[in-house]
Structure formats: structure tokens, C-alpha cells
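In: below: sequence and its predicted model.
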Amino acid sequence: MVLSRILLFSVFLIIVGSEKIRYDSFKGCPISDKEYKETIKRNTTFWCVNEIEPCDPDEGRRVDGSCNNLKHPTRGATHTPFYRILPAEYDTDDGKFEPRKASDGGPLPLARYLRTSFLAEGKVPDPVFTQLLTHILAFVVSDVLSLQDTVNYIVWRPYCCLPKGKTDPNCVPNEVPVDDPVHRFSGIRCFNMTRPESFQSMGCIKNGTVPERIISSTPMMDLSQMYGNLYENLAKNGRKFEKGLLKYEVEDDRIWPPSTKTKVDLCLLNQKPVEKRCHATPEDGSNTLLGINLFSIWFWRNHNRMANALSELNPAWDDEKLFYTARDINIATWTQIVYYELLPLLMGRDNLIRDSVIMSTPGFRDLYNEEKLPQIALEYPLVTRWFHVMQEGALKLYDQDGYYLRDFPIVNLTLRTGWLAVDDNIDYITQGSFRQACGKADYIVDPDMSEVGLGPHQRANDVLTSDLAKNRYFGFKPYVAYREWCFGRSYDDFDDLKEAFDPERLELLKERYKSVEDIDLMAGLWLEKHVEGGYIPETLYCIMSEQLIRFVVSDRHWYERPNRPHAFTADQLLEIRKASVSRLLCDVGDKVSEIQPQGFVRAGPKNKICSCEEIPKIDLSAWKDSGCKNHCHYRNRK
Ligand SMILES: *[C@@H]1O[C@H](CO)[C@@H](O)[C@H](O)[C@H]1NC(C)=O
Ligand SMILES: *[C@@H]1O[C@H](CO)[C@@H](O)[C@H](O)[C@H]1NC(C)=O
Ligand SMILES: *[C@@H]1O[C@H](CO)[C@@H](O)[C@H](O)[C@H]1NC(C)=O
Ligand SMILES: *[C@@H]1O[C@H](CO)[C@@H](O)[C@H](O)[C@H]1NC(C)=O
């Protein structure tokens, strides 16, 4: 009797255990069968419903990001809402949500007009940083964003600058003034742009409410670009289901992510028939901007390098255990490079230690707070677009001995992975990435960014004008509101802003905006003074730190935690601490046998190019498993 009860009970558990629970993706609460059927009828299930298996507190990080927060299982998953640092501010006069008006009731100055006023065009090499820095910054943001808002105006709505665009409320192109310094000669009066997709536009919540941005990536540092956001996609386009490996192809002795076999070709700029490679990774995220494509290839190879090493160390481990351990180390390596190598250079190491973004010691740390939901601030991906001022347009190609070969425009390499695999291009572009300076963080922008933007995809575009315009469509409060939030004082007139801007920049702001309340957040960042001990504007520092700390405290699977499921041992964490971008390139870069120890910093007397033998390595023997003799499982769903 008792036995049958136990049996019955465990059968019950198994059934319940495998039954998915359906949640409203916006609200995060379970929905009824009836509500679910309605979403099927409206064809909104994909965006508006999260179907997830019940949480298991001992399970590792899920690919779909669910169950990160055990009280709110969908938070951290794909298609879940952002939070706002400050409440939205829109013009809602017509019952719509349009960019806010200026304080005198008129429209704010045109985005393109402000961009051409505030940022000059030209090229100044940065004295400190290399191209690798701007490449990885694109990759950092792509971990928490998806590309749909760009694809929207290139592919889905290619008519925003045509008469048809006037009838589509999703088209919000940027007007180019008649006296524009460049386009007074070309006759181009319009740049394509679309309104950001939202829970409203996807049909998940009622129209006529504050727009809530929707994206596909999971809002965590978890290499979404490679592992995807859905188990189905990872199984289809990622895992080889053999020795923990990701699928790969070998071409000309180089290892690549698999190339897509379908007719849908996202590599719109591949010059066929010569350029064929188009990478089919779980989210197609590795065929976008060049920097993202490069780091995707490198971390893809890095996963397999580790899976192979772990499999040799622990022959008893099964595919599942090898895969999830390699992924865990790969994500930790990635996060370690961003937090402890990249950000201290840009934001100042002492600043970050003071603000608890990083630690000064190499041991564990645990700041986990279940009350903080794993989410991204809507402001974060927008403000990081400031880094476009550091983007260099002309990539220099170098050979292995450091001899300069030729230039290639980075804007021609968007949605074009095929180019990397021909003529040894990836070898030369990799060498260039740590030998060439990026653009200086000043008031000067590379003309390819501000006049070409997406390259041959568009007749003309200005990435930075779009940045400012998007700032408005996200409904951000004025720059001074954010500065006030950051520094705890108010700014009522232009004189109050003397502490934030050089006299010349302040005068420029005064000429273009009638009131301090009118200054756009993005425009303020463009002209603001830089943080002491770092290279980025003060308010950018402040908003970025808010998000960087949020990642640490809200992520139950944060790699520095000693008591997360499958946590690293102290020895393993010490190995992760050795990660560096230069080591990554030595391990998986093409023909990299020499590099400077600090790959984000230009080579020089204090950072001499040396043999890879001298760059510290992660010793994977810390993962040798003496306790595991036969079958060793990793607790994660397939
Ligand atoms: C249903 O939604 C999916 C995902 O958004 C989309 O790909 C598909 O085309 C839609 N089908 C119809 C019939 O509208
Ligand atoms: C909101 O309006 C858009 C059209 O602009 C439509 O596609 C969408 O389905 C609407 N959302 C809801 C929830 O009705
Ligand atoms: C880059 O694209 C432009 C068109 O936008 C084209 O005119 C130019 O020749 C291309 N440059 C290279 C090096 O392919
Ligand atoms: C707008 O987008 C379409 C489709 O991508 C493109 O053909 C057109 O050149 C773009 N317009 C401008 C002004 O760039």
C-alpha cells in the first residue's frame, strides 16, 4: 500500500515534472488554457507566451534563461520586458506615444541637424586602444539585444523613405535638412528608420499604453549569440550531441561554425559565388556586424577547444556534462574578460572597485539578491551606442609579421560572413584587430559611420542620427534628469551644467537647445566630460554601472558565486581569472602566435608584442574529476 503510494507519487512527479507551464511573457504570470488558445488564434504565441518546464533549483543555467529567478521563473528568459531607470516621457497629446516636445511646446530640433552640429566628421586614431576594443563592445551588446529593429527597415519595410512609408506608422525615417553639410549636394532628404518593436506591436499588450520594447535575446551575460535563446534552436543549429561539441565545419584548415543549408540567406552582402559562408548558429546572430561575427567565431571555437580538453581529462563524462561544463567555462571566460579586462580599461579600475562592479581580490563573491529581477535597463543598450564615436571605418589588414597590407571598409562587412573565409582575410583582419588603433573617444566621428552606416544596404544612413532618434522613440527623459539621478543635484539652467561640459560644448548646447530640459540624453553623452580615471562620459559611466551591477546581483548563475548550481571550485575560479582577450586569440585566433599581453591596448614599450607562450593560460586540469568514475551527469534539460 505504502509502496504503491510512493510509486504513484513518483509517477505523478514525473508527469508534472515534464509538463511545461505557460506564462504571459510580459506579465510573467501563468495563463489559462483558454488564454493560450487565444494567442494561437491571433498567432502571437511565439512572442507573447513563455512555455517552460518547472524550475529545479539545482539545475544549471538554462539556455532559454528561464528559472534564473525561482520566484519569477520567466524573468531572464527571451521575450521578457525591460525595466526603465527613469519613467518614460512621451508626447501623448493624440493618444499616441510620440517623441516628447521641447519645453516651448514645439518639436525638438531634427536628429540629423543635432548630430552634424555636435559631432564633426573625420578620423583621429585613439592613442590607447585597439580595434579589438570596439569589436568586443559590439559583441557585449549583442549578448542582450537582437537585430530585428535594423532588419525591419532593411528587409521587412524597405519603403520608409518612399511615399508608402508615410502610411505605415512603424516607419519613422529621419529627415535630412536642405542645408545639410553633405546632402545639400546629393538631394537625399531622408534616412530609413523604423519604430522599435514592442509588446504592443507584437500584439501582446493593448495599444495605447507606454511602448514596452521586445527582443529575443536573454537579458543576461550568457553568450546568447552562440547558444541561442531556445533549446530547439540550440539542438537544431548548435549541438553536435557528441563529446560536448558544437557543430562545426573545416574549410582550408580553419574551423568555422556550420554554414546555413537553407535558402534563407541572411548574408545579404556575400559576393557570390566566391563568398559562400553564412553561419547558421542558433540565433543567426553571428552574421551581423563584423566585430560580432569575429567574436562569435572565436567563442564558438573556444567552446570546442574546451570540450575536447575536458573530454580527454574526464573520459567518463557524457556529452551532456561535457557540453554544459564547456559552456559554463566559455560564459565565465567571456564575463571575466568583459568585467576584469575591458571595463577597467574604459571605466577605470579603481572606479569599478569603489562602485562594487568588480572586486580587488580573486576569490568568490556573492551579491545575489532574489528581489532584483534579471532584466536589462532599457537605457543600457541605447547609451552604449555612444561607443559609435570610437568606431574606425577603415580596417587595416596586416600579415602575421605585422606588415600592413591594405584597408577594407568595415561598413561593407555587415551581413557578410563569406568574405572572412576567402583570400585568408580572417587571418589579416585578426592581426589588424590588435595592431590598429580604434577611433578616438572625442567629438569626431568616422564618416563611414555617419554617412554610410550600413554600407551597400542603404543609399545613405547616419548611425549616430539613428542613435539620437531612437533615444526619442524610447521615450527617455532629458539628459539633465539622468544626470540628476546620477549625481543627486538638479540642473535648472545652462550655468548649472558647467561642471559637466567644456565651455565650448556648453555654448554649442545653448545654441541648439532652448532649455536644459530639452537636451537629449544621447546628445548630452556626446559632449559630456569624461569620468576621472576612465575614458567615457560621466553619465554613461553611471548608467552602465547600474546595469553591470544588476547583472551581478540578479543572476543566480553568476560565475563568481560559490553556491550556485554546479559552482566552480576555488581553484577553478582562479583559473578563470587568467582569461584575457590575447589568450583567446592565441588559442583560437587564425595564425596568432604573437600578440601584446593586453590586446585591447595598443602595443608599446609597456605592452610589447610577445610570443603566445608568455600569455597566461587557463589550466583545465582544475576540472579533472576524480570522483566521477562511470556515468557523470550534468543537471540541465536537453
Ligand atoms: C505567425 O507568427 C510567426 C512568428 O511571429 C510568423 O513567422 C508567421 O509568419 C505568422 N503566421 C501567420 C499566418 O501570420
Ligand atoms: C497594435 O497596433 C498594431 C498596428 O499598428 C497591430 O499590429 C497590433 O496587433 C496591435 N496590438 C494589439 C494588442 O492589438
Ligand atoms: C563598399 O561598398 C560601396 C558601396 O556602398 C562600394 O562602392 C565600394 O566599392 C565597396 N568597397 C569595397 C572595398 O568593396
Ligand atoms: C531605404 O531602404 C531601402 C531598402 O533597404 C533601400 O533600398 C534604400 O536605398 C534606403 N533609402 C536610403 C535613402 O538609404
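Out: Looks like it came in fine. Ligands and ions are numbered 1, 2, ... in the order given.
In: okay, now the unreliable bits of this structure?
Out: Low-confidence segments of the chain (pLDDT under 70): 1-18, 261-264, 284-285, 628-632, 635-638.
In: 50 - rerun?
Out: 1-17, 638 (pLDDT under 50).
In: close to ligand 4: what parts of it are there?
Out: Ile154, Pro158, Cys161, Ile188, Cys190, Phe191, Asn192, His457, Gln458, Arg459, Ala460, Asn461 (Cβ under 6 Å from any ligand atom). Backbone N, C-alpha and C define where each C-beta goes, glycine included.
In: for the fourth one, which non-adjacent residue is spatially closest?
Out: It stands for Ile188. Setting aside the residues directly before and after it, Ile188 is nearest to Ala460 in space (Cβ to Cβ, 6 or more residues apart in numbering), at 5.1 Å.
In: and what of the last one?
Out: Take Asn461 and drop its neighbours on the chain: the residue closest to it by Cβ to Cβ, 6+ apart is Gly453, 3.4 Å away.
In: for this protein, longest helix please?
Out: As assigned by DSSP state H, the longest helix anywhere in the chain is helix 290-313.
In: next structured bit after that one?
Out: Remark: after helix 290-313, the chain's next helix or strand is helix 319-336, criterion DSSP states H and E.
In: which helices and strands sit right next to that next one?
Out: Contact here means 3 or more Cβ pairs under 8 Å, 6 or more residues apart in numbering; DSSP states H and E; on that basis helix 319-336 packs against helix 290-313, helix 570-576.
In: close to ligand 3: what parts of the stretch 401-550 of the chain are there?
Out: Phe408, Pro409, Asn412, Gly455, Pro456.
In: redo that, cut-off 8 Å
Out: Phe408, Pro409, Val411, Asn412, Val452, Gly455, Pro456 (Cβ under 8 Å from any ligand atom).
In: which residues of the chain lie near ligand 2?
Out: So the chain meets ligand 2 at Arg42, Thr44, Pro169, Asn170, Gln200, Ser201, Met202, Gly203, Cys204, Ile205, Lys206, Asn207 (Cβ under 8 Å from any ligand atom).
In: nearest to Trp334 among those residues?
Out: Taking Cβ to Cβ as the measure, Trp334 lies nearest Met202 of those, at 29.4 Å.
In: tell me the contacts of that closest one?
Out: Thr44, Trp47, Cys48, Ile214 (Cβ atoms under 8 Å, 6 or more residues apart in numbering).
In: ok, now with 10 Å
Out: Met202 sits next to Ser25, Phe26, Thr44, Phe46, Trp47, Cys48, His79, Glu212, Ile214 when contact means Cβ atoms under 10 Å, 6 or more residues apart in numbering.
In: ok, the residue nearest to Ile188 touching Val176?
Out: Yes - judged on Cβ atoms under 10 Å, Ala460 makes contact with Val176 at a distance of 8.3 Å.
In: what is the nearest of the contacts of Met202 to ligand 4?
Out: The shortest approach to ligand 4 among the contacts of Met202 belongs to Ile214, at 22.4 Å (Cβ to the nearest ligand atom).
In: what number of residues lie near the nearest residue to the closest one once chain neighbours are set aside?
Out: Closest residue in space to Ile214, ignoring its immediate chain neighbours: Phe199 at 5.1 Å, by Cβ to Cβ, 6+ apart. Number of residues near Phe199 (other Cβ atoms under 10 Å) recorded here: 23.
In: give me the phi and psi for Phe199.
Out: Torsion angles at Phe199 (phi, psi; degrees, to the nearest 10) stand at phi -60, psi -30.
In: hmm, back to that, could you name every residue contacting both of Ala460 and Val176?
Out: Residues touching both Ala460 and Val176 (Cβ under 10 Å, 6+ apart) are Cys161, Val182, His183, Ser186, Ile188, Cys190, Phe191.
In: buried ones only from the residues of the chain next to ligand 4, please, as a PyMOL command.
Out: Of those, the buried ones go into a single PyMOL selection, burial set by 16 or more other Cβ atoms under 10 Å:
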select buried, resi 154+161+188+190+191+192+457+458+460+461
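In: in helices, which of the residues of the chain next to ligand 4 fall?
Out: Those of the residues of the chain next to ligand 4 lying in helices (DSSP H): none at all.
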